[in-house]
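Undergrad: Based on what follows, work out the 3D shape:
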Amino acid sequence: MKPEHQKIFDRVTQHLLNQRYPSVQDEIDESCLYRGPKGRSCSIGCLIDDEYYNEMLEGNTIYEEDIQVALRLSGINIDDLIIIEMLSQLQGLHDELVLNKDGSFSRTYLKSEFEGIYDRVEELEDAA
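TA: Presented below is the predicted three-dimensional model:
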């Protein structure tokens, strides 16, 4: 994987592994949030610097301008289509994760999915 892609991939995967829980509204309303309660953030939210985050970003996808502006200002090269695809896959992973009974991420499942995303990014790089 190219260094720029690897750096973002490592940052997001470590964030999710260390956080252990998804960034959701609450146990009843499991809507995913870029920034949620208890200081949690999702795969994209962890890349957005505090100074560029605002609640108006919630509900937007990686393909929407407000999110792309916040990421660009936070130092993420969103003009790189491989980064956009990788972030889309990582966001989807966070939003659809298999959880343990206590609401935490299944680390085994998470690591397996990371491997699939890593392989997909390498395929995209080879095709570029």
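Undergrad: what mean pLDDT does the top helix by length along the chain have?
TA: Criterion DSSP state H: the longest helix present in the chain is helix 107-127. Summarised as a single mean, pLDDT over helix 107-127 is 91.
Undergrad: Ok, stretch 93-104 next?
TA: 80.
Undergrad: got it, and stretch 57-67?
TA: 93.
Undergrad: hang on, the earlier thing: give the other helices and strands that the longest helix of the chain contacts.
TA: Counting contacts by 3 or more Cβ pairs under 8 Å, 6 or more residues apart in numbering; DSSP states H and E, helix 107-127 packs against helix 3-19, helix 81-95. No exception for glycine: its C-beta is placed from N, CA and C like everyone else's.
Undergrad: Can you tell me which of these is most buried?
TA: Highest mean neighbour count among those (mean count of other Cβ atoms under 10 Å): helix 81-95, with a mean of 19.
Undergrad: got the contact list for the residue nearest the centre of the chain?
TA: Centroid check for the chain by Cα atoms, centre = their mean gives Ser43 as the closest residue, at 1.7 Å. Residues near Ser43 by Cβ atoms under 8 Å, 6 or more residues apart in numbering: Val12, His15, Leu16, Leu87, Leu90, Gln91, Leu93, His94.
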